[in-house]
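Enquirer: got a sequence here, can you build the structure:
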Amino acid sequence: MANLRVKQAAAYVGVSKSFLDKSRCYGGGPTYVKLGTTVIYRSEDLDAWVAEKRVPANGNVIAARAAA
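Expert: All right, here's what the predicted structure looks like:
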């Protein structure tokens with residue numbers, strides 16, 4: 001288990017730092033921990049978030065979610 005700062009977490013999952021910043025405000029991003037003013041992402045939370053975004057090759061997101 002690795003604890004990553006925002007910039008490291010963004011590189012880890014392949015998104016921009018600003019995406020993570022916005023997702024903390026508006027929702028839809030990975031789970032994070034806030035310690036004072038420091039934001040930490042756990043690598044297993046990032047892995048789980050990426051796995052949730054997985055889409056089958058045919059692009060049928062609704063059927064894939066219904067089957068899960």
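Enquirer: next, residue 29: phi, psi?
Expert: The phi and psi values for residue 29, taken as degrees, to the nearest 10, are phi -100, psi -180.
Enquirer: what's the answer for residue 41, then?
Expert: Here residue 41 shows phi and psi, under degrees, to the nearest 10, equal to phi -110, psi 130.
Enquirer: buried residues, the one helix or strand residue 40 maps to. List them.
Expert: Secondary-structure assignment from DSSP states H and E places residue 40 in strand 38-42. Neighbour counts over strand 38-42 (16 or more other CB atoms under 10 Å) mark 39, 41-42 as buried. C-beta coordinates here come from the backbone N, C-alpha and C atoms, glycine included.
Enquirer: the protein: strands as residue ranges?
Expert: In the chain, the segments counted as strands under DSSP state E are 3-4, 33-35, 38-42.
Enquirer: now render those strands as JSON lines, adding distance to residue 17 and mean pLDDT.
Expert: What follows is those, written out as JSON lines (distance: least, CB to CB, whole Å; pLDDT from 0 to 100):
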{"stretch": "strand 3-4", "distance to residue 17": "12", "mean pLDDT": "96"}
{"stretch": "strand 33-35", "distance to residue 17": "16", "mean pLDDT": "95"}
{"stretch": "strand 38-42", "distance to residue 17": "11", "mean pLDDT": "97"}
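Enquirer: among the ones you listed, which is nearest residue 56?
Expert: Each of those has some distance to residue 56 by CB to CB; the shortest is strand 38-42, at 26.4 Å.
Enquirer: between the strands of the chain, which gets nearest to residue 24?
Expert: Taking CB to CB as the criterion, strand 38-42 is the member of the strands of the chain that comes nearest to residue 24, at 7.0 Å.
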